[in-house]
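Enquirer: sequence plus the predicted model coming up.
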Amino acid sequence: MVIFGAPGSGKGTQSDKLIEKYGFYHISTGDVLRDQIARKTEAGILADRYISEGHLVPDEHIIKILGDVLDENREKMANGIVFDGFPRTVNQAVALEQMLKERGSEVNAVIGLEVDEDELIARLVNRGKTSGRKDDNPETIRERLVVYHDSTCPLKEFYTKNNKYRGIDGTGSVDEIFERICKEIER
Ligand code: ADP
């Protein structure tokens with residue numbers, strides 16, 4: 001499944017709960033990239049500039065990284081995968097379909113966490129006080145939200161067309177939101 005939503009919509013928080021309950025394997029492309037940056041790998045050095053500016057890492061690059069993650073952790077994925085932060089463009093969604101098909105699988109559901117923009121900004125600014133993430137500052141947050149609207153939002157239509165998108169209210173307590181997600185999954 002894909003957990004979908006704007007920066008600050010709670011994808012990471014809800015992914016942790018999904019892993020605990022369903023035993024899914026968690027792939028957060030943001031975490032993968034930050035790990036590569038910390039280890040100063042070639043992929044990390046390339047990604048760092050884009051992330052700091054609030055821009056997306058080029059499709060070609062992130063698709064290659066994701067393919068490697070899928071191949072390297074295959075035996076841990078028997079219960080399914082939760083993709084968090086991927087896909088973020090229509091190109092990435094098409095590539096994901098292909099990559100999963102090659103591995104005898106497919107996206108079963110896309111759960112969208114819907115949160116209005118004022119709340120997103122408030123959450124991200126607040127997270128920036130403790131996250132240590134250099135992209136959690138007001139200027140970069142604004143840019144990330146623009147990128148979300150321009151490049152990522154069109155995916156909603158992509159997954160609505162093939163009847164996989166389920167939007168849920170992403171506000172309320174963490175447990176309330178999780179319950180809404182579980183209902184959609186069970187359905
Ligand atoms: P958030 O959802 O709060 O923006 P993430 O950790 O998912 O946080 O992503 C942080 C940054 O990593 C993004 O702003 C982007 O630069 C980069 N990134 C993560 N996933 C992708 C992706 N699928 N494609 C391109 N860039 C990505």
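Expert: Perfect, I can see it now.
Enquirer: residue of this structure closest to the ligand, please.
Expert: Relative to the ligand, the nearest point of the chain is Gly30 (1.8 Å; Cβ to the nearest ligand atom). (Each C-beta comes from the backbone N, C-alpha and C, glycine too.)
Enquirer: contact partners for that residue?
Expert: 12, 84-85 (Cβ atoms under 8 Å, 6 or more residues apart in numbering).
Enquirer: how far does the host helix or strand of Ala43 sit from its chain's centre?
Expert: In the assignment (DSSP states H and E), Ala43 maps to helix 42-53. For helix 42-53, the distance from its own C-alpha centre to the chain's C-alpha centre is 17 Å (Cα atoms, centre = their mean, to the nearest Å).
Enquirer: what residues does it touch?
Expert: Residues contacting helix 42-53 (Cβ under 8 Å, 6+ apart): 33-38, 56-58, 61, 65, 134-135, 140, 143.
Enquirer: could you do stretch 129-139 as well?
Expert: With Cβ under 8 Å, 6+ apart, stretch 129-139 has contacts from 34, 51-52, 54, 121, 124-125, 127-128, 140-141, 144.
Enquirer: how about those in TSV, adding distance to Val110 and neighbour count?
Expert: Compiled in TSV, the contacts of stretch 129-139 are given as follows (distance: Cβ to Cβ, whole Å; neighbours: other Cβ atoms under 10 Å):
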residue	distance to Val110	neighbour count
Arg34	24	17
Ile51	24	20
Ser52	28	14
Gly54	23	19
Ile121	24	16
Leu124	22	24
Val125	27	14
Arg127	24	16
Gly128	28	17
Thr140	26	20
Ile141	24	21
Arg144	20	23
